[in-house]
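> prediction below, plus the sequence it came from.
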2 protein chains.
Amino acid sequence: MKRQDKEIYYTISDLATEFDISTRSIRFYEEKNLISPRRTEGNQRIYSRRDHVRLKLILRGKRFGYSLEEISEIIGLTDFDLDEVEQIRKTLAMGQKKIIDIRERINDLKLLEEDLVSFQGKMDERLKDLTADE
Amino acid sequence: MKRQDKEIYYTISDLATEFDISTRSIRFYEEKNLISPRRTEGNQRIYSRRDHVRLKLILRGKRFGYSLEEISEIIGLTDFDLDEVEQIRKTLAMGQKKIIDIRERINDLKLLEEDLVSFQGKMDERLKDLTADE
DNA sequence: CCTATATTTTACGTTAACGTAAATTATTAA
DNA sequence: TTAATAATTTACGTTAACGTAAAATATAGG
């Protein structure tokens, strides 16, 4: 991580280390247009604060089982050269759906947690039965 | 879905229809030892209430991005012929970790939701700016 | 009983998301 | 400057989780 002109920059391995992923993955996300770092004179990638944020979002999405394609629908493509208003409208609509989706997931997770806790309870009982050999 | 001797049974396509997945997937989960239906005389699979429950758990797990392998760690293998006490202890320990994991996920999801909502807010503003052309 | 569906096994095909290796060029540290 | 690292592109390999097709058998409905 380096500072220059008050801005923060990262190399590809900075990010790889910080997020514990491979550089290959990072380049792969770029292939899929999820991030678009600038380049140095020598053609090496430099990641800005914005790229850093996007990468964090990508990984967060992945943890919830979203595919990269879905993630790109959520956080939007990086090439932002279409009609801006349309682009924003689309993104907003998408965002709404995703928020609803996420609320559902939160609910489902709570249910799953309940299931597991109750399952734990049953197993616990069973274990007590089995080990009560006195 | 059929009843017989007070028990409920499902054919493979019953489940496929109910859960909106392919029969291939269901057989695949069986290959991975996640479910183990009994068979009719004619060698066709019959799924019990227990199989139904397990399938629901499998699909729930998948929605959260768990791999089938992780899911099998959560809900346990179907062939339950090892030392039962050990088996239960293992399952309990696993379960604890998973519950913690799930609580983390719930938290993360809430954060993601916040992010998205605030992103929506910003986009909204931007849109207002752009369309305020009077 | 016969025909239309369902189901079974076997086996090869597919896609997403990287892993890995090789050859080349850049950057950093002594 | 030079040797050790780091990064780049290109391209083939891998794995999970099914899809799909074929050939044979089972079951259900008229």
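Nice, I can see it.
> any idea how far B:Ile8 is from A:Pro37?
The gap separating A:Pro37 from B:Ile8 is 56 Å, by Cβ to Cβ, to the nearest Å. Just so you know, the C-beta spots here come from the backbone N, C-alpha and C atoms, and that holds for glycine as well.
> more crowded one of these two?
A:Pro37 (23 against 12; other Cβ atoms under 10 Å in any protein chain shown).
> what bridges to the closest residue to the more buried one other than its chain neighbours?
Nearest residue to A:Pro37, sequence neighbours excluded (Cβ to Cβ, 6 or more residues apart in numbering or on different chains): A:Arg45, at 4.3 Å. Here A:Arg45 sits in beta bridges with A:Arg39, going by DSSP bridges.
> distance of A:Arg45 relative to DNA strand C?
When Cβ to the nearest atom of the strand, to the nearest Å is applied, the distance between A:Arg45 and DNA strand C equals 11 Å.
> that residue: how many residues sit nearby?
By other Cβ under 10 Å, neighbour count at A:Arg45 equals 19.
> wait, it sits on A:Arg39?
Yes. When contacts are counted by Cβ atoms under 8 Å, A:Arg45 is listed as touching A:Arg39 (6.2 Å).
> A:Ser36 belongs to a strand?
No. Looking at A:Ser36 with DSSP: H, G, I helix; E, B strand; the rest coil, it is coil, so not inside a strand.
> show me the contacts for A:Gln44.
A:Thr11, A:Ile12 (Cβ atoms under 8 Å, 6 or more residues apart in numbering or on different chains).
> what are the phi and psi angles of it?
In terms of degrees, to the nearest 10, the main-chain angles of A:Gln44 are phi -90, psi 150.
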